[in-house]
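**Q** Attaching a predicted model along with its sequence, questions to come.
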Amino acid sequence: MDAIKIENLSKYYGKARGIEQVSLTVGDGAFFGFIGPNGAGKSTTIRTLLGLIRPSSGSASVLGFDIVKEKKKLLAQVGYLPSEAVFYPRMRVRDVLKFSADLRKTDCKEAADRLCRRLQLDTGRKVDELSFGNRKKVAIVCALQHDPRLLILDEPTGGLDPLMQKEFFDILRERNEAGTTVFISSHILSEIQRNCTHAAIIREGRIIACDSVEALAKTAAKRVSVHGSVDLSALAGVRDVQRSAGTVNFLYSGDMNTLLSVLSRGDIRDLSVSEPDLDEIFMHYYENGGGEE
């Protein structure tokens, strides 16, 4: 069974576009990344999947449950982390966590205590006294404490310092290895590249690419770094040229023999050719719509 299955899902806010004809499948047990800048449609997709907003057209199921007809059943087995966590003021952290567990009619105290220790969260503090990062920790514990089959996390690391980000992803990997499906929305591409096995890229409300992270990172372009003096003016297939302190870096999508021939005419002291990182791949898809160079 697929954890998430979306078919031609669209959501409009009046005449304004939310998402258009989104189709996507996330396998059970996947660690899946959903990539796009702010406004691309990530949060609209997630809120529609959870039944928080009603789709304009199309259909989707989560854990086999229809998002419109069986919303309560799917929500019982999902842990959701919104991009911005809001709580009742003046409640203490421990009370928020118990309130969240009580809504699910589940005793989560032991699991909550473990998560709070790992995230260094003081449960005696009032939530309106917490920093943004600590409020995010509270929301993380609320999403994870009932051991859901599926985690849907919308921009989860905002406000977390690097050490807490590492601990957070350690927890997610442990859950995933135990069988939990993880669906994480982010515009921080390094997070997706380090942690996810598969990903989809959304642009202006439409999915423009979906594959394994490894496959998405493979394009015809290579990242070339040359230390020395070289004239690139006659070389086709060069873009994103950056020069600094005697070194020129660029993306190259042409013939490698031609590249070596041009470079041999210059004064080259060092050369490296590597795969571009996911940030560069992301820009490739956004600038070219996923098409070839």
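**A** Sure thing, it's come through. Numbers count the residues shown, from 1 in each chain.

**Q** Please enumerate the strands of this protein.
**A** 2-13, 16-27, 31-35, 57-62, 65-66, 78-81, 150-154, 181-186, 198-203, 206-212, 222-229, 238-244, 247-252, 267-274 (DSSP state E).

**Q** Turn those strands into TSV, including mean pLDDT.
**A** Output for those, formatted as TSV (pLDDT from 0 to 100):
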stretch	mean pLDDT
strand 2-13	96
strand 16-27	95
strand 31-35	95
strand 57-62	96
strand 65-66	96
strand 78-81	97
strand 150-154	97
strand 181-186	95
strand 198-203	92
strand 206-212	90
strand 222-229	88
strand 238-244	84
strand 247-252	87
strand 267-274	89
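
**Q** which stretches of the stretch 51-200 of the chain form helices?
**A** 71-75, 93-103, 109-119, 132-144, 162-177, 189-195 (DSSP state H, counting those that start in this stretch).

**Q** Please identify the buried residues of the second one?
**A** In this case it means helix 93-103. Across helix 93-103, burial judged by 16 or more other CB atoms under 10 Å covers 93-94, 96-98, 100-101. Using the backbone N, CA and C atoms, a C-beta is placed for each residue, glycine as well.

**Q** These: which two are farthest apart?
**A** 93 and 101 (12.8 Å; CB to CB).

**Q** just to revisit the earlier point, which one of the helices of the stretch 51-200 of the chain lies nearest to residue 126?
**A** Nearest of those to residue 126, taken as CB to CB: helix 93-103 at 7.8 Å.

**Q** tell me the mean pLDDT over that closest one?
**A** Here helix 93-103 scores 96 as its mean pLDDT.

**Q** Could you do stretch 129-141 as well?
**A** Across stretch 129-141, pLDDT averages out at 95.

**Q** Flag every buried residue along it.
**A** For stretch 129-141, burial by neighbour count (16+ other CB under 10 Å) applies to 130, 134-141.

**Q** Next: stretch 165-181.
**A** For stretch 165-181, using 16+ other CB under 10 Å, the buried residues are 165, 167-169, 171-172, 175-176, 180-181.

**Q** Then stretch 224-244?
**A** 224, 226-227, 230, 232, 235, 237-238.

**Q** Which residue comes closest to residue 20 once chain neighbours are left out?
**A** Computed as CB to CB, 6 or more residues apart in numbering, the closest residue to residue 20 that is not its neighbour in sequence is residue 205, at 4.6 Å.

**Q** just checking, the one you found touches residue 12?
**A** No. Assessed by CB atoms under 8 Å, residue 205 is found out of contact with residue 12, at 9.4 Å.

**Q** list residues touching both of these two?
**A** Residues within reach of residue 205 and of residue 12 at once, by CB atoms under 8 Å, 6 or more residues apart in numbering, are residue 18.

**Q** ok, now which ones touch the closest residue to residue 159 other than its chain neighbours?
**A** In space, and not counting its chain neighbours, residue 159 is closest to residue 133: 3.6 Å by CB to CB, 6+ apart. Going by CB under 8 Å, 6+ apart, residue 133 touches 159-161, 164.

**Q** Recalculate using a threshold of 7 Å.
**A** The contact partners of residue 133, taken as CB atoms under 7 Å, 6 or more residues apart in numbering, are 159-161.

**Q** Same question for stretch 37-50: list its buried residues.
**A** Buried-residue list, stretch 37-50, by 16+ other CB under 10 Å: 40-50.

**Q** among those residues, which are in helices?
**A** 42-49 (DSSP state H).

**Q** could these go into CSV alongside pLDDT and distance to residue 247?
**A** Formatted as CSV, those follow (pLDDT from 0 to 100; distance: CB to CB, whole Å):
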residue, pLDDT, distance to residue 247
42, 93, 36
43, 93, 40
44, 95, 42
45, 96, 41
46, 96, 42
47, 95, 45
48, 96, 47
49, 95, 46
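
**Q** for these, which one is nearest residue 186?
**A** Nearest member of these to residue 186, counting by CB to CB, is residue 42, at 8.2 Å.

**Q** count of neighbours near the nearest residue to that closest one once chain neighbours are set aside?
**A** With sequence-adjacent residues excluded and distances taken as CB to CB, 6+ apart, residue 42 is closest to residue 185, at 4.3 Å. Residues lying near residue 185 (other CB atoms under 10 Å) number 24.

**Q** Which two of the buried residues of stretch 224-244 have the greatest separation?
**A** 227 and 237 (20.6 Å).

**Q** Isn't residue 31 up against residue 196?
**A** Yes. With contact defined as CB atoms under 7 Å, residue 31 counts as touching residue 196 (5.1 Å).

**Q** joint contacts of those two?
**A** Contacts common to residue 31 and residue 196, judged by CB under 7 Å, 6+ apart, are absent.
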